[in-house]
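Colleague: Sharing a model prediction with you, sequence too.
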Amino acid sequence: MTAPLPLRAGPGPADAGAAAAVVQTDALTKQYTREVTALDGLNVSFAPGITGLVGANGAGKSTLIRILLGLLPPTSGRAVVLGHDVVRGGEQIRTLTGYMPEHDCLPPDVTGTEFVTHLGRMSGLPATAAKERAADSLRHVGLYEERYRQVGTYSTGMKQRVKLAQALVGDPRLLLLDEPTIGLDPSGRRSMLDLISRIGAEFGISIVVSSHLLGEIEQICDNLVVIDGGKLLRSDTMTSFTQVSQVLLIEVDEGATELSAELTRRGLVPRRSGRGLLVRIEDDVTYDLVRDAVADLGLPLNRLEQQRRRVEEIFRDHDGEDEEAPGDH
Amino acid sequence: MTTESSVAAAGNGGVIHDLGYRRYQGQRLGRAGIIRALYWHSLRSAFGIGRGPKAKIVPIFTFIVMCLPAIVNTIAMAQHPGQAPVVDYDTYTPRLRALVMLLFVAAQAPEMVSRDLRSHVLPLYFSRPMRRLDYPLAKFAAFTAACLLLVEIPLIILYLGNIVSASGGSAVWAQTKALIPGLGVGVLWAVLLAAIGLVLASLTSRRAYATGLIAIYFFLTFTLSAILRNVAQQGAGPGPVPVQGPGLVVPPAPLGARLPGLVSPFTVIDGVRQWLGGTNPSPVPNPGGVGWAYGLMFLILLGVSLGGLAARYRKVGAS
């Protein structure tokens, strides 16, 4: 039961390139029925750190997470989590992994402390250790006095924090967070994302965080895995996602149409965005071209701003038009 | 150590040390330890321990009521030493016991399983290092233990009351010999009622429905069994209904009156008791030659309940 564990599974040692993947899948397929295929030959590898698992509702995120926990057998293919096969090593994986489900999973009539302590015991901690770690986990997620209140009296944000605390209580090497920001208001989302980011960076715990909102989790992820219809759409580090996403926003008080035509003539590809124009920054020459075009037309330039576009827009470019995710089951 | 290396990686000092995330280096219990922890947690919650005062009402009430006959017997024995005990170990005021157990199981079985279903907390259990059937196993063990405490503690009180008033070692020995089958019958009660209660409670996440379902099942089958028995006894007897009274030997019941006991778990248990040699009279006529049917029915009820419970949790966990 107590197999020797790697001391840390956080951001890898110096030879980062060789850092073992936290999760590795190989032609992973899950068919619920003949018609319903949740995962379709998925090949993907999650590096240590925070990985965003992005896809529309029904893309297969929750199915993937349940397979990774060893709760759902794959139809074919295989998956390895922290060095353990999901079919044979489910118990070891679940010893090393904390899971925060998407849906509400809290009994209303116990206090936060009681709840997290009990689940700590269910993670295999002895009674005293469970109590200590429950107090620690609740403190880490920012619940102090509230932890002695019944969970039923908590706000949505506090409930999400308790869910996170119970995932953290067993001192996992990997956290699987299924839509942790769901149902939260904007400020609640922001603080939840901050919290996840801190756990990933400072606690040295690898995290897989799923979301159907790309724009939201891109801020905190080191890596991004995008799945659609059970297939891998793209998997890369965050930096390579954003490298191609440097754009220049040009806002003029008038004459936007003329400017657009002028920029096109000069070899750029401007795109309308609200009251301004967006052009992709290829190199420094782009700035000169824009400056010259505005100056030559004598337009009143209002704003010239370099923006890091959100990953969401990159995909919009890739797909041409916004596409609705097909086959939502 | 980990924190420090993370600091180096993150590159900004102070804040991190304030957070002070500590790795857990201590002992981790395996599956058996986790099941044991869940067992104790569930056993405590069966008596409302660790819950609010409201959760303790039914367990305490049923426990007190269940102990009353034993206490009354103790008082009676103390006042009139040497007389025969009012209450037997193996039947123990059968109607009262059935009623109290019905109340306890209907109220507390949902406490054991429906709450977790209702609050969708099961994924949190199943995402921990236990197997699918460990959860129902721990719950069944805990609830059986809870029912056992409720049935056996009054018997122990009864026994203590009897031996205090008993004169001589042989009398004490006689009491002890009578207690042992009584405790055995208690095990039959606990195992079967816990299994049936849990499987019925696990069918619904609504606590009130679960309580209703269990109460109706036990009450209906118990009543049905009694009605069928009465009908058979009336139809079979050439004369009027046999008068039952003190000192009157009840004639062997007709076959039609010996079978309806198979309908209700309470009468099945009593039938098994008599089949296994229990002689103290109870509302259920001695099954005589069809005693094996009661034994079989007991096993069927137990098997179906436990099988249903396992199937239920295999399904719940997978979805």
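Modeller: Looks like it arrived, so ask away.

Colleague: low pLDDT regions in chain A?
Modeller: A:1-19, A:241-245, A:308-329 (pLDDT under 70).

Colleague: Now with 50, please.
Modeller: A:1-18, A:318-329 (pLDDT under 50).

Colleague: Okay, domains of it per the record?
Modeller: A:20-241, A:244-319 (automatic domain parsing).

Colleague: Deepest-packed of those domains, please.
Modeller: Highest mean neighbour count among these (mean count of other CB atoms under 10 Å in any protein chain shown): domain A:20-241, with a mean of 20. In this view, the C-beta of every residue, glycine as well, is placed from N, C-alpha and C.

Colleague: any idea how far the nearest residue to B:H120 once chain neighbours are set aside is from B:P123?
Modeller: Ranked by CB to CB, 6 or more residues apart in numbering or on different chains and with sequence neighbours excluded, the top spatial neighbour of B:H120 is A:C105, at 4.8 Å. Separation of A:C105 from B:P123 (CB to CB, to the nearest Å) stands at 6 Å.

Colleague: before we move on, back to that, please name the residues that touch the residue nearest to B:H120.
Modeller: A:K163, B:S119, B:H120, B:V121, B:P123, B:L124 (CB atoms under 8 Å, 6 or more residues apart in numbering or on different chains).

Colleague: Kindly indicate the member of the residues you listed with the most neighbours.
Modeller: The most crowded member of the contacts of A:C105, judged by other CB atoms under 10 Å in any protein chain shown, is A:K163 (26 neighbours).

Colleague: Can you tell me the centre-most residue of chain A?
Modeller: A:G52 (2.5 Å; CA atoms, centre = their mean).

Colleague: partners of the helix or strand harbouring it in the sheet?
Modeller: Assessed by DSSP states H and E, A:G52 sits inside strand A:50-54. Strand pairing for strand A:50-54, using DSSP bridges, gives strand A:206-211 (parallel), strand A:223-228 (parallel).

Colleague: Distance from whichever helix or strand comes after the last one to the middle of the chain?
Modeller: Using DSSP H and E, the next helix or strand after strand A:223-228 towards the C-terminus is strand A:231-237. For strand A:231-237, the gap between its own C-alpha mean and the chain's C-alpha mean amounts to 12 Å (CA atoms, centre = their mean, to the nearest Å).

Colleague: And for stretch A:137-156?
Modeller: 24 Å.

Colleague: Alpha carbons of that stretch, as CSV, please.
Modeller: Output of stretch A:137-156 as CSV, limited to C-alpha atoms (Å, rounded to 0.1, in the frame of the first residue of the first chain):
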residue,chain,number,x,y,z
SER,A,137,-6.4,22.6,3.5
LEU,A,138,-9.2,24.8,4.5
ARG,A,139,-6.8,27.5,5.4
HIS,A,140,-5.1,27.2,2.1
VAL,A,141,-8.3,27.7,0.2
GLY,A,142,-9.1,30.7,2.4
LEU,A,143,-11.8,29.4,4.7
TYR,A,144,-11.1,30.4,8.3
GLU,A,145,-14.0,31.0,10.7
GLU,A,146,-16.5,29.7,8.2
ARG,A,147,-15.1,26.2,8.5
TYR,A,148,-17.1,25.7,11.7
ARG,A,149,-20.3,26.5,9.9
GLN,A,150,-22.5,24.0,8.2
VAL,A,151,-21.7,23.6,4.5
GLY,A,152,-25.4,24.3,3.6
THR,A,153,-24.9,27.9,4.7
TYR,A,154,-22.0,28.5,2.4
SER,A,155,-22.0,30.7,-0.6
THR,A,156,-21.3,29.1,-4.0
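
Colleague: Could you list the residues of the stretch 51-200 of chain A in contact with chain B?
Modeller: A:69, A:71-72, A:91-92, A:94-95, A:97, A:99, A:101, A:103-110, A:114, A:118-119, A:121-127, A:129, A:133, A:136, A:140, A:166, A:170-171, A:198 (CB under 8 Å from any CB of the partner chain).

Colleague: so can I have CSV of the domains of chain A showing distance to B:L255?
Modeller: Formatted as CSV, the domains of chain A follow (distance: least, CB to CB, whole Å):
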stretch, distance to B:L255
domain A:20-241, 51
domain A:244-319, 78
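
Colleague: For B:V263, which of these is the nearest?
Modeller: Closest approach to B:V263 among these (CB to CB): domain A:20-241, 36.4 Å.

Colleague: residue ranges of the strands in chain A, please?
Modeller: For chain A, applying DSSP state E gives strands covering A:23-31, A:37-46, A:50-54, A:76-81, A:84-85, A:97-100, A:174-178, A:206-211, A:223-228, A:231-237, A:246-252, A:271-273, A:276-280, A:301-308.

Colleague: hang on, the earlier thing: could you check the angle strand A:174-178 makes with the strand holding A:G52?
Modeller: 30 degrees (axes from the mean of the first three to the mean of the last three CA atoms, to 10 degrees).

Colleague: now strand A:50-54, how far from the chain's geometric center?
Modeller: 3 Å.

Colleague: rewinding a little: please list all residues in contact with the residue lying closest to the residue nearest to the centre of chain A once chain neighbours are set aside.
Modeller: Spatially, and ignoring its direct neighbours in sequence, A:G52 is nearest to A:C221 (3.8 Å; CB to CB, 6+ apart). Contact analysis of A:C221 by CB under 8 Å, 6+ apart lists A:I50, A:T51, A:G52, A:V209, A:M238.

Colleague: go with 7 Å
Modeller: A:I50, A:T51, A:G52, A:M238 (CB atoms under 7 Å, 6 or more residues apart in numbering or on different chains).

Colleague: of all those, which comes closest to chain B?
Modeller: A:I50 (12.6 Å; CB to the nearest CB).

Colleague: Quick check, the closest one in contact with A:V209.
Modeller: Yes. Applying CB atoms under 7 Å as the test, A:I50 and A:V209 come out as touching, 6.5 Å apart.

Colleague: any residues in contact with both of those two?
Modeller: Contacts common to A:I50 and A:V209, judged by CB under 7 Å, 6+ apart, are A:I196.

Colleague: just to revisit the earlier point, which of the residues of the stretch 51-200 of chain A next to chain B fall within helices?
Modeller: Counting by DSSP state H, these place A:91-92, A:94-95, A:114, A:118-119, A:121-122, A:127, A:129, A:133, A:136, A:140, A:166, A:198 in helices.

Colleague: I figured B:A232 was touching B:G256, is that so?
Modeller: Yes. Using CB under 7 Å, B:A232 is in contact with B:G256, at 3.4 Å.
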